[in-house]
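Novice: generate a structure from the sequence data that follows.
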Amino acid sequence: MHIPITVISERNHAFRQRVEIDGLEDLYADVPPVVGGEGSAPDPHDYFDIALGTCKAITVQMYAKRKGWPLEGVTVTVQRDDSQERKGIYKLGVALTLHGINDPVQRAKLEEISHRCPIQRLMTESTVEIETRLV
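Specialist: Sure thing, here's the model as predicted:
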């Protein structure tokens, strides 16, 4: 069992939420002004997309480190297309930039490894069950 994440509505803000995760501070969520928020923090969709991008970067870095490859860093850009979300289609385009590694075989392997990150697998291969209860 993991430590729970707590989300608390911010007083005097339309939809801004403070997020508490194991003592980490300064995490917030909001929605854009077009839907009544202040746009003061990432929205929930952004956090979904962020989870994929960060997981891919970490997975690639861990693999390269384990192999002793000269990867200096990773830049991941996630582009969302939610134009058909109401139809059940949510597309994420991912651009993966590998810094400091030029060998085409290593680069191809790191791209392949990025597809195996736990969050991508969770998003594409798992059934997520959500149980909500009032307390």
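
Novice: least trustworthy helix or strand in this protein by mean pLDDT?
Specialist: strand 24-29 (a mean of 89; mean pLDDT, DSSP states H and E).

Novice: beyond that one, next helix or strand please.
Specialist: For strand 24-29, the succeeding helix or strand toward the C-terminus, using DSSP states H and E, is helix 44-67.

Novice: quick one: buried residues of that next one?
Specialist: By neighbour count on 16 or more other CB atoms under 10 Å, the buried set for helix 44-67 is 48-49, 51-53, 55-61, 63-64. (Glycine included, C-beta is placed from N, CA and C.)

Novice: okay, the residues you listed in TSV with pLDDT and distance to residue 117 next?
Specialist: As requested, these are arranged in TSV below (pLDDT from 0 to 100; distance: CB to CB, whole Å):
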residue	pLDDT	distance to residue 117
48	96	14
49	97	13
51	97	10
52	98	8
53	97	10
55	98	4
56	98	5
57	98	9
58	98	7
59	98	4
60	98	8
61	98	11
63	98	10
64	98	13
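
Novice: from the residues you listed, pick the one nearest residue 1.
Specialist: residue 51 (19.5 Å; CB to CB).

Novice: so how far is residue 33 from that closest one?
Specialist: 24 Å (CB to CB, to the nearest Å).
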